[in-house]
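K.L.:
Got a predicted structure here, sequence first:
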Amino acid sequence: QVQLVESGGGLVQAGGSLRLSCAASGRAFITSGMVWFRQSPGKEREFVGGMPWSGSITYYADSVKGRFTISRDNAKNVMYLQMNSLKPEDTAVYYCAAKRFWDGGPKNDRNFDYWGQGTQVTVSS
């Protein structure tokens, strides 16, 4: 079992930065692939990026590549999403999710077993 809690969301102006955190409890964190999704009103949940449990590579959606950075601290059981150069279209509820031994496979939300409650990010123009 993995329990996830996001934090760090808020209101920021376009061009600004935010860092989201996803704190995990449970021993399975170190063997879990960790990802970020986001969902805007009226839209489907969208894969933002993720880090496989092996840590071999980090995946990003094209829409955030070069602006967002994912990292994880296995000693603290925390994953981060550093978001720079934010745009109004980045406004969404951001969720972290996990799947045991996810190593970069399917990136649709149905593939992930554990979810946080979400944190709102609002980017004003």
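P.N.:
Looks like it came in fine. What you are looking at is a predicted structure, and each value in this text was computed from that prediction instead of being measured.
K.L.:
what helix or strand does the residue most central in space within the chain sit in?
P.N.:
For the chain, Trp36 is the residue whose C-alpha lies nearest the centre (CA atoms, centre = their mean; 2.2 Å). Per DSSP states H and E, Trp36 falls inside strand 32-39.
K.L.:
Direction included, what does that strand pair against?
P.N.:
Using DSSP bridges, strand 32-39 pairs in its sheet with strand 46-51 (antiparallel), strand 92-100 (antiparallel).
K.L.:
Redo the ones you listed as JSON lines? Include distance to Met79.
P.N.:
C-betas here are computed from N, CA, C, even on glycine. Below are those laid out as JSON lines (distance: least, CB to CB, whole Å):
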{"stretch": "strand 46-51", "distance to Met79": "7"}
{"stretch": "strand 92-100", "distance to Met79": "6"}
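K.L.:
ok, the residue nearest to the centre of the chain touching Val48?
P.N.:
Yes: if you go by CB atoms under 8 Å, Trp36 and Val48 touch, sitting 4.1 Å apart.
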